[in-house]
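K.L.:
Coordinates for the following, if possible.
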Amino acid sequence: MAQFQSLADAVRDNLKHGDTVAFEGFTHLIPHAAAHEAIRQGITDLTLIRMTPDIVYDQMIGMGLAKKVVFSYAGNPGVGLLRRMRDAIENQYPRAIETVEHSHAAMANAYEAGAAGLPVAVFRGYKGAGLKAVNPDIKSVICPFTGEELAAIPAHRADVTFIHAQKANAKGDVLIEGIIGVQKEAALAAKRVVVTVEEVVPDFKDLHPNLCILPHWTVSAIAVVPGGAHPSYTHGYYARDNATYLDWDKISADRELFTAWMQEHVLDATPEVFAERVKGL
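P.N.:
Numbers count the residues shown, from 1 in each chain. Below is the predicted model of the structure:
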């Protein structure tokens with residue numbers, strides 16, 4: 001059942017050293033504030049799962065939180081490389097990380113399989129692709145009904161999933177509007193679910209019931225964090241901060257500049273400081 005908590009308490013109670021964790025969002029509703037709190041708390045040795053890791057995973061990797069990343073396409077959207085992730089892979093700085101690369105389709109199917117309680121995802125894919133040569137988790141199975149060769153990979157079953165959403169109601173049901181991505185599947189596949197929201201409303205009586213994608217009994221904790229997806233966008237609340245993504249390419253390219261930026265904008269950013277920064281969104 002959903003428990004309303006501060007962000008610091010929600011992260012502390014649900015994310016542990018060595019956990020497998022997903023911070024999911026697809027261009028939209030990326031849970032930056034939750035990831036920043038994990039960085040502030042120094043929770044390490046994490047296996048990070050995510051479709052299209054972007055700058056929030058670059059920050060977590062650059063701060064030494066990750067030991068392994070399971071992903072499909074890693075990059076700064078519309079800009080270029082994830083430079084902290086590349087430094088970790090090529091130079092083991094600040095630590096070596098293991099990488100497991102999949103296709104987008106594989107990641108989505110792995111979350112769906114995890115949500116269904118299945119150990120494996122079976123789907124059409126990887127034919128003619130080179131990922132099988134570098135990822136031993138990609139197997140093949142033969143359909144017992146048609147004889148067709150299909151791809152098979154392990155299901156995603158995270159210890160905890162973090163997502164951002166527009167609203168929760170007083171019971172703890174969660175509403176998402178706009179691009180949903182795989183947040184629902186990632187949440188249902190996890191043992192624990194933490195949701196940051198822009199606001200809490202009494203109920204959803206004037207809204208379409210299909211917008212409530214997570215009922216309260218599927219959620220472990222809810223934290224009210226206005227602007228919690230910034231610099232990504234939250235439909236109906238604020239736009240994508242494109243300047244931050246452009247700036248990140250320069251910031252992340254230099255280890256000292258990265259460290260200074262993280263100190264100012266993450267480590268020293270108390271909830272009060274963060275609230276002031278996002279007022280103008």
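
K.L.:
where exactly do the helices run in the stretch 151-281 of the chain?
P.N.:
Applying DSSP state H, counting those that start in this stretch to the stretch 151-281 of the chain gives helices spanning 183-188, 242-253, 255-262, 271-277.

K.L.:
and Ser6, which of these is closest to it?
P.N.:
Among the helices of the stretch 151-281 of the chain, helix 271-277 comes nearest to Ser6, with 7.5 Å by C-beta to C-beta. Placement of C-beta: from N, CA and C, glycine included.

K.L.:
as a whole number, average confidence for the closest one?
P.N.:
Taken as a whole, helix 271-277 carries a mean pLDDT of 66.

K.L.:
swap in stretch 82-102?
P.N.:
The model assigns stretch 82-102 a mean pLDDT of 97.

K.L.:
Can you give me the first-to-last residue distance of it?
P.N.:
Stretch 82-102 has an end-to-end distance of 17 Å (criterion: C-alpha to C-alpha, to the nearest Å).

K.L.:
Low-confidence ranges, the stretch 51-200 of the chain, go.
P.N.:
Within the stretch 51-200 of the chain, no range satisfies pLDDT under 70.

K.L.:
Packed most tightly, which of the helices of the stretch 151-281 of the chain would that be?
P.N.:
helix 183-188 (a mean of 24; mean count of other C-beta atoms under 10 Å).

K.L.:
rewinding a little: need the helices of the stretch 151-281 of the chain in a markdown table (columns: distance to Gln166).
P.N.:
Below are the helices of the stretch 151-281 of the chain laid out as a markdown table (distance: least, C-beta to C-beta, whole Å):
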| stretch | distance to Gln166 |
| --- | --- |
| helix 183-188 | 12 |
| helix 242-253 | 21 |
| helix 255-262 | 28 |
| helix 271-277 | 18 |
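
K.L.:
So which of the ones you listed is nearest Leu7?
P.N.:
helix 271-277 (6.8 Å).

K.L.:
Ok, which of the helices of the stretch 151-281 of the chain comes nearest Asp58?
P.N.:
Closest among these, using C-beta to C-beta: helix 242-253, at 5.8 Å.

K.L.:
Can I get that closest one in PDB? Just the C-alpha atoms.
P.N.:
Extracted in PDB, the C-alpha atoms of helix 242-253 (Å, rounded to 0.1, in the frame of the first residue of the first chain):
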ATOM      1  CA  ASN A 242      16.800  21.600 -23.800                       C
ATOM      2  CA  ALA A 243      19.600  24.000 -22.700                       C
ATOM      3  CA  THR A 244      20.500  21.600 -19.800                       C
ATOM      4  CA  TYR A 245      20.900  18.700 -22.200                       C
ATOM      5  CA  LEU A 246      23.100  20.800 -24.400                       C
ATOM      6  CA  ASP A 247      25.200  22.100 -21.500                       C
ATOM      7  CA  TRP A 248      25.600  18.600 -20.200                       C
ATOM      8  CA  ASP A 249      27.800  17.600 -23.100                       C
ATOM      9  CA  LYS A 250      30.500  20.100 -22.000                       C
ATOM     10  CA  ILE A 251      30.000  19.500 -18.300                       C
ATOM     11  CA  SER A 252      30.300  15.800 -18.600                       C
ATOM     12  CA  ALA A 253      33.300  15.900 -20.900                       C
END
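
K.L.:
related to what we said a few turns ago, looking at the helices of the stretch 151-281 of the chain, which is nearest to Ser220?
P.N.:
helix 183-188 (9.8 Å).

K.L.:
Output the contacting helices and strands for that closest one.
P.N.:
helix 104-115, strand 160-169, strand 212-214 (3 or more C-beta pairs under 8 Å, 6 or more residues apart in numbering; DSSP states H and E).
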